[in-house]
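Undergrad: can't give you the sequence, but here's the structure:
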């Protein structure tokens, strides 16, 4: 798995890296239980301050994306549904409303949007309902 | 003492101009501090006062807990300083230079030096005057790191280096940072480099420290706000966190730190057509922040002139 940071981007480096790891997990390019590079190694490869990498790992661990095993390293966490089904549904609807609003202004029809969503969904790793 | 560097109202005049003006700088131990400012902002003078090469006119500076004016030799040996432009004795060979420098440091680590020289593939027997700019920078870094210093002060270390050598230099710097508890202060003009390695940044403008915060916080809080009017904009009355405001055609361009509800209301009170809030990358944020106060841009585009002449007709 290769990560990249770009200082000319408007997002701070720690956000760029955090987003990339989240997306890699969501798309199944990183699997639960898979180990991530050490803070030392990743800071060396990306040529960024080790504190930045450590901060990203800590935040992702807090959000349940990663898990540190003492003395072993940092791993992709097993997915777990912390929110109740209703809360998750409400969150999903909120995201959908924002997305659909944009789609309306971009001038798509409902059918076009639905088929585009179905097509993209194939690229992600979904939990078994 | 948890600050590797601390200055109190540090001031230095050149002639009648205060190049460094009541500077209160704090660099926490173990942090990497990016020291930024335009040419002539006072960065080098500050660094020279921290290393005891320039005497302040007033104020005090402490490094590793000791007053710079009375620095014990043992403390001096725990600090490494990389001067701008990498001045080295050009008639010495790399090996001779290393031996010469090692005499000043009881804690000199020959193995570490050898490792770094190997890493850069620097030939020991070459005369320094035959080295490229990049190799001279690499040699200075190697010499600075070899005594295993607690505090490294680097004055624009990547100035004049090409992109590849600069990247290699940063890679070595990252390795240096990975040693626990080491503090680095470095000045630079290359904002991308600073964002990669610095935990905190300080921006010096006209001798005054205008910004001092974690790098991410600066990047996340500086915003450019475009307030559009479709007519000559009114004067902006000001708000908390306002860095600058200027008129560009029919738009007021504001640079604001921490744009929130209060700032939005200040804009809306002027009854504009639209308000656009734009995030900036570090380079843009720096430019906006150091450009200078409330200067209006000269108008080049013809459409702007049309707006003005329309206004004049309306008045007539």
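TA: Happy to help now that I have it. Predicted model only: the values in this text are computed from it and were never measured.

Undergrad: in the chain, what residue spans correspond to helices?
TA: Using chain A. A:13-26, A:39-46, A:50-62, A:85-105, A:110-121 (DSSP state H).

Undergrad: switch to chain B, please.
TA: Using DSSP H, helices in chain B cover B:43-50, B:73-76, B:94-102, B:110-120, B:133-145, B:163-177, B:191-197, B:215-221, B:261-268, B:282-290, B:302-315.

Undergrad: buried ones in the second one?
TA: Yep, that's helix B:73-76 we're talking about. B:75, B:76 (16 or more other CB atoms under 10 Å in any protein chain shown). For every residue, glycine as well, the C-beta is placed using N, CA and C.

Undergrad: roughly how far is that helix from the heart of the chain?
TA: 26 Å (CA atoms, centre = their mean, to the nearest Å).

Undergrad: repeat for the third one
TA: On the basis of CA atoms, centre = their mean, helix B:94-102 is displaced by 30 Å from the centre of the chain it belongs to.

Undergrad: identify all contacting residues around it.
TA: With contacts defined as CB atoms under 8 Å, 6 or more residues apart in numbering or on different chains, helix B:94-102 is touched by B:88-89, B:92, B:108, B:110, B:113, B:117, B:122-126, B:128, B:131, B:139, B:142-143, B:146-147.

Undergrad: residue B:285 - nearest residue in space that isn't next to it in sequence?
TA: Excluding its sequence neighbours, the residue lying closest to residue B:285 (CB to CB, 6 or more residues apart in numbering or on different chains) is residue B:222, at 4.2 Å.

Undergrad: now the residue of chain A at minimum distance from chain B, nearest residue through space, not along the chain?
TA: Nearest residue of chain A to chain B, counting by CB to the nearest CB: residue A:7, 3.6 Å away. The shortest distance from residue A:7 to any non-neighbouring residue, by CB to CB, 6+ apart, is to residue B:192 (3.6 Å).

Undergrad: how much space between the residue nearest to residue B:285 and residue B:279?
TA: 8 Å (CB to CB, to the nearest Å).

Undergrad: likewise residue B:68?
TA: For residue B:68, the distance to residue B:279 (CB to CB) stands at 39 Å.

Undergrad: hang on, the earlier thing: mean pLDDT lowest where, among the helices of chain B?
TA: Of all those, helix B:302-315 carries the lowest average pLDDT, namely a mean of 39.

Undergrad: any idea how far residue B:168 is from residue A:13?
TA: 20 Å.

Undergrad: of the two, who's got more company?
TA: Of the pair residue B:168 and residue A:13, residue A:13 is the one with more neighbours under other CB atoms under 10 Å in any protein chain shown, namely 25 against 18.

Undergrad: okay, now the residue of the stretch 51-200 of chain B found nearest chain A: neighbour count?
TA: Residue nearest to chain A within the stretch 51-200 of chain B (CB to the nearest CB): residue B:192, separated by 3.6 Å. For residue B:192, the count of nearby residues is 17 (other CB under 10 Å).

Undergrad: contacts only, for it.
TA: A:7, A:8, B:282, B:283.

Undergrad: how about the second one, phi and psi?
TA: Dihedral angles of residue A:8 (phi, psi; degrees, to the nearest 10) stand at phi -80, psi -10.

Undergrad: looking at the helices of chain A, which one has the lowest mean pLDDT?
TA: Looking at those, the weakest mean confidence is helix A:85-105, a mean of 86.

Undergrad: list the buried residues of that helix.
TA: residue A:103.

Undergrad: same check on stretch B:157-171?
TA: B:157, B:158, B:159, B:161, B:165, B:166, B:168, B:169, B:170.

Undergrad: stretch A:32-40 now?
TA: Using 16+ other CB under 10 Å as the test for burial, stretch A:32-40 gives A:36, A:37, A:39.
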